[in-house]
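Q: generate coordinates for the sequence data below:
(chains A and B)
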Amino acid sequence: NAGVTQTPKFRVLKTGQSMTLLCAQDMNHEYMYWYRQDPGMGLRLIHYSVGEGTTAKGEVPDGYNVSRLKKQNFLLGLESAAPSQTSVYFCASSYEGAKWGFGPGTRLTVT
Amino acid sequence: AQKVTQAQTEISVVEKEDVTLDCVYETRDTTYYLFWYKQPPSGELVFLIRRNSFDEQNEISGRYSWNFQKSTSSFNFTITASQVVDSAVYFCALSEASRGAQKLVFGQGTRLTINP
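A: Sure thing, here's the model as predicted:
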């Protein structure tokens, strides 16, 4: 039981490049989330999904897109990376808001 | 809307001192969960405790204890006889259980440094 996994763990992009972060969970959770963590600001919600085929915007969705084609996977895309998107990204999954699993994080630097 | 405030940005104490991390929350929901997470220098989020809104009993786990008071909307975390290994960023978080997607809202975090 791996819980929540994320790939890659580290990535450096140049401004304007694109990339996709992959999140996978094996806990059969319906809900999945992408957060970003910046110094002094805690974790802020980017997008989330309440089930396969559904997505919704969180607190800071601009510049990101997501897809949930399979229940166990949640992808976060950056179409044209900007330096302001330099951050640590965490994926999470949840069962009814009570049980939460978090991935190990992806450290992204945009130069 | 739900909100979590951790007013203490940084705390520094000497080893073996007791330290309390404050957490104040706002919610209009009657059913919710409160959490504390630890983030060590390695960066992962480590789950410490979950408390639901109907259970106001204080919790003790070894050197850790939590004081949940609905009357003041607070969920404070105390470390007794602190150790250097307790140095980390600590996050308080709130999840509303009865409204749609049950998003987890985090406080800004408190950076705790335990000096030898």
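
Q: next SSE downstream of the helix or strand of chain B with the lowest mean pLDDT?
A: Across the helices and strands of chain B, mean confidence by mean pLDDT, DSSP states H and E is lowest for strand B:59-61: a mean of 88. Note on strand B:59-61: by DSSP states H and E, the next helix or strand toward the C-terminus is strand B:64-69.

Q: so that next one, near chain A or not?
A: No: against chain A, strand B:64-69 shows no contacts by C-beta under 8 Å from any C-beta of the partner chain, the least distance being 15.5 Å. Any C-beta I mention is one placed from the backbone N, CA and C, and that applies to glycine too.

Q: C-alpha coordinates for the next helix or strand after that strand, PDB please?
A: Downstream of strand B:64-69, the first helix or strand assigned by DSSP H and E is strand B:74-79. Taking C-alpha atoms only, strand B:74-79 is exported to PDB below (Å, rounded to 0.1, in the frame of the first residue of the first chain):
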ATOM      1  CA  SER B  74      -9.100  27.000  19.200                       C
ATOM      2  CA  PHE B  75      -7.100  23.800  18.800                       C
ATOM      3  CA  ASN B  76      -3.700  24.300  20.500                       C
ATOM      4  CA  PHE B  77      -0.800  21.900  20.500                       C
ATOM      5  CA  THR B  78       1.700  21.600  23.300                       C
ATOM      6  CA  ILE B  79       5.000  19.800  23.300                       C
END
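
Q: how about strand B:74-79: buried residues?
A: For strand B:74-79, burial by neighbour count (16 or more other C-beta atoms under 10 Å in any protein chain shown) applies to B:74-79.

Q: ok, now stretch A:60-73?
A: Buried, per 16+ other C-beta under 10 Å, within stretch A:60-73: A:60-61, A:64, A:66, A:68, A:71-73.

Q: mean confidence score for that stretch?
A: Stretch A:60-73 carries an average pLDDT of 97.
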